[in-house]
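>>> Provided below are the primary sequence and the corresponding predicted coordinates.
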Amino acid sequence: MLDHGTPEHAVHDPIESLRHRMRHSAAHVMADAVLQLFPEAKVGIGPPTADGFYYDFDVAQPFTPEDLERIESLMLDTIRSNAPFVREELSRDSAKAMFDSQPYKQEIIDDLPDETTLSIYRHGEFTDLCQGPHLDNTGEITAVKLLNVAGAYWRGDENRPMLQRIYGTAWESQQELEAHLERLAEAERRDHRTLGRQLNLFTVHEEIGPGLIVWHPRGGIMRSLIEDYWRDIHYRRGYSIVYSPHIGRARLWQTSGHLDFYRDSMYAPMQIDEQEYFLKPMNCPFHIQVYRSALRSYRELPLRIAELGTVYRYERSGVLHGLMRVRGFTQDDAHIFCLPDQVEAEVGDVLDLTFEIMSAFGFEDYDIMLSTRPEKYVGEPEMWDHATESLRQALVSRDLPYGMDDGGGAFYGPKIDIKIKDALGRDWQCTTVQFDFNLPERFDLVFQDDQGNRSRPYMVHRAILGSLERFFGVLVEHYAGAFPLWLAPLQAAVIPIADRHNEYAEQVAAQLRDAGFRVEVDDRSERMNQKIRQAQLQKTPYMLVVGDREADADAAAVRTRDGDNHGAMPLADVIAMLSAELDGTPAAR
RNA sequence: GCCGAUGUAGCUCAGCCGGAAGAGCAGCGGUUUCGUAAACCGCAGGUCAAGGGUUCGAGUCCCUUCAUCGGCUCCA
């Protein structure tokens, strides 16, 4: 997950400023090397990124890994030569002339506003159109490494040519570079797709179809724990939970407008009794039917209708990714229908609920974004302003820092998106709170107000976990598969030392099960070491080793997955210890 | 969808210049009964992603399709 673009504040932090200049300079040195090896290459742009840099090239043949090695080696030569970076300003005409063999540079020059001062940076024989800033000399690039190459559209436009983008990273010291590479390796070790297989949580099958998830027993128990907690807290917060079908007639999607502007992302219709039915890509129209099933009074509002609703969307083949981007997924969806003066409190309640739920799953860091009215929109500007202000107030009154995405709202309403930060500091989009000024119109939603008039309610979509699939994938990576006790699919493995201890092991397991714990006995005819290894690899929180000594004392030797051996403990103490660990979690008893 | 790479046993992977499909782990059968991260012996396991082509001969070369991976674009 590379986060492109360097945040404003980065330029003011001395270390970030140095990295920014170093990476930008490394990009130039890389382009220099590429042009030495491939003189016919046309260059695109080469900016620094949040943790590295890239440069785009138009070349006849895509780069190979061997090319990258040659490029990197030439870069090291340039760095050793310690060539100075020299800035020059020049006129538009001379810039056009200087880059006359570089069509992409021509385009950049043409698109720059007239008042822009054009500048170039040179080092050695290489010159690039560039604002800077750069290091003083190539020799100041301390630690650099090229990572990979991939296609990228010129200017991010899929109708423009596809260039070859080489990614690299640069750091102020070899240690920092190695630490970064170690972070990448750690992220790979935590990959939920790998852990999902190793821990037997879920699979995806070519025979079933891409982007369609099969939850295995171990993933299944975790999902039901998540769902149970979710339902419980939603009931307590005044939500009503409903169920709705997976398909609906074309007419429904016609009314909702989905067939007009979302059809490309919907699964093709099926013909039943000469009627077209579509798999649902969203739950909204169904919840709206719940709302419309009666003439609503203002006394009933706010009405909060929630569902763990499974939807299907045709996502383009190249975007699918494990559990993070799938074609069939379950949203923890809810729609809130309310009065204008209830809006702010409702949004605030959603925020509070979000932080309570996320905190229960161990997520404490958030990145909040408020998105406002785009150029194309539906609804009245006054309603947009009111809704946007209530979103903002809900954030401000809770002292929540947030960023603005001006014009980044959906066409039907402003929204707040919340990203959670995982254990490796990576952001994941989960929560969204969106106003909708479109569907209430289309479905002609009304309520009877206290004057006896029919009024239009506000409608708010919200999902907290987002999709259960994605959230589960994030959980796996956040904990690297070592889930907290309350979520662990298997909480304790009872390990008999020899076959003659199997019977006692079963008694131990039975007592723990009676106390409400998920326990299995490993009664294979294997050595204890092997059983411990197995439990370790499965990241089972507790291993209860039982042999002659424990059987005689109604005890178990407790080992935790961090490798600590806590010695023999009476079973009652073991149960008390595990119960204490559940205090303060959704599984507290 | 686009660019590139990949697809061999349940899993992870080897298989050279086109000439008789391999290993480890897992599984199964036996032996072993063990004190905190892998006991020993044996057995079985394959339409080499699918389809087409070139060739005396294809896991290997070519084409198409499917899927996966890394990116891009997209993500009401």
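Yep, that arrived.
>>> and the stretch 401-550 of chain A, which residues reach RNA strand B?
Within the stretch 401-550 of chain A, the positions near RNA strand B by C-beta under 7 Å from any atom of the strand are A:410-412, A:497-500, A:525-530, A:532-533, A:536-537, A:543, A:545, A:547-550. Glycine gets a C-beta too; all of them are placed from N, C-alpha and C.
>>> Drop anything exposed from the residues you listed.
By neighbour count, with 16 or more other C-beta atoms under 10 Å, those hold A:410, A:412, A:497, A:528, A:532, A:543, A:545, A:547, A:550 as buried.
>>> what sits against the fourth one?
The neighbours of residue A:528, taking C-beta atoms under 8 Å, 6 or more residues apart in numbering as the test, are A:495, A:497, A:545.
>>> Relative to RNA strand B, which of the buried ones among the residues of the stretch 401-550 of chain A next to RNA strand B is nearest.
Among these, residue A:547 lies closest to RNA strand B (C-beta to the nearest atom of the strand), at 2.6 Å.
>>> which non-adjacent residue is nearest the residue in the stretch 351-500 of chain A positioned nearest to RNA strand B?
Residue nearest to RNA strand B within the stretch 351-500 of chain A: residue A:498 (3.0 Å; C-beta to the nearest atom of the strand). Leaving aside its chain neighbours, residue A:498 sits nearest to residue A:547 (7.1 Å; criterion: C-beta to C-beta, 6 or more residues apart in numbering).
>>> in stretch A:109-120, what's buried?
Using 16+ other C-beta under 10 Å as the test for burial, stretch A:109-120 gives A:109, A:118, A:120.
>>> mean confidence for that stretch?
Stretch A:109-120 shows a mean pLDDT of 89.
>>> Please apply the same query to stretch A:162-180.
95.
>>> Quick one: end-to-end length of that stretch, please.
Stretch A:162-180 has an end-to-end distance of 29 Å (C-alpha to C-alpha, to the nearest Å).
>>> is that stretch up against RNA strand B anywhere?
Yes: contact of stretch A:162-180 with RNA strand B (C-beta under 7 Å from any atom of the strand) involves A:162, A:164-165.
>>> Stretch A:19-38 now?
No: Stretch A:19-38 stays clear of RNA strand B (C-beta under 7 Å from any atom of the strand), getting no nearer than 14.8 Å.
>>> these two touch, right, the residue nearest to residue A:498 and residue A:496?
Yes: judged on C-beta atoms under 8 Å, residue A:547 makes contact with residue A:496 at a distance of 7.4 Å.
>>> Buried residues, stretch A:441-454. List them.
A:442-443, A:445-447.
>>> Of those, which pair is most distant in space?
Using C-beta to C-beta, the buried residues of stretch A:441-454 span at most 16.5 Å, a distance reached by A:442 and A:447.
>>> mind showing which ranges of the stretch 451-589 of chain A have poor pLDDT?
Along the stretch 451-589 of chain A, the parts satisfying pLDDT under 70 run over A:589.
>>> And the residue of chain A that's closest to RNA strand B?
Nearest to RNA strand B in chain A, going by C-beta to the nearest atom of the strand, is residue A:318, at a distance of 2.1 Å.
>>> Report the secondary structure state of that residue.
Using DSSP: H, G, I helix; E, B strand; the rest coil, the structure places residue A:318 in helix.
>>> what's the neighbour count on it?
7 (other C-beta atoms under 10 Å).
>>> what pLDDT does it get?
90.
>>> Flag every residue of the stretch 151-300 of chain A that's near RNA strand B.
Residues of the stretch 151-300 of chain A lying close to RNA strand B (C-beta under 7 Å from any atom of the strand) are A:151-153, A:156-158, A:162, A:164-165, A:193, A:197, A:204, A:206, A:209-211, A:257-258, A:261-262, A:281-282.
>>> Which members of those are classed as buried?
Buried members of those, counted by 16+ other C-beta under 10 Å: A:152, A:164-165, A:193, A:204, A:211, A:257-258, A:281-282.
>>> burial of residue A:78, as a residue count?
23.
>>> Tell me the first helix or strand C-terminal of the helix or strand it falls within.
For residue A:78, the host element (DSSP states H and E) is helix A:65-81. Note on helix A:65-81: by DSSP H and E, the next helix or strand toward the C-terminus is strand A:86-90.
>>> so how far is that following strand off the chain centroid?
Averaged C-alpha coordinates place strand A:86-90 at 42 Å from its chain's average position (C-alpha atoms, centre = their mean, to the nearest Å).
>>> Likewise for stretch A:509-526?
Chain-centre distance of stretch A:509-526: 35 Å, with C-alpha atoms, centre = their mean.
>>> For that stretch, list the C-alpha coordinates in CSV.
Provided in CSV are the C-alpha atoms of stretch A:509-526 (Å, rounded to 0.1, in the frame of the first residue of the first chain):
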residue,chain,number,x,y,z
ALA,A,509,-10.8,-30.3,28.0
ALA,A,510,-14.3,-31.0,29.3
GLN,A,511,-13.8,-28.8,32.3
LEU,A,512,-12.6,-25.9,30.2
ARG,A,513,-15.5,-26.4,27.7
ASP,A,514,-17.9,-26.3,30.6
ALA,A,515,-16.3,-23.0,31.6
GLY,A,516,-17.1,-21.8,28.0
PHE,A,517,-13.7,-22.1,26.3
ARG,A,518,-12.8,-23.5,22.9
VAL,A,519,-10.5,-26.4,23.5
GLU,A,520,-9.2,-29.4,21.6
VAL,A,521,-7.1,-32.4,22.7
ASP,A,522,-4.2,-33.3,20.5
ASP,A,523,-4.4,-37.1,20.9
ARG,A,524,-2.3,-38.0,18.0
SER,A,525,0.4,-40.6,18.6
GLU,A,526,3.1,-38.0,18.3
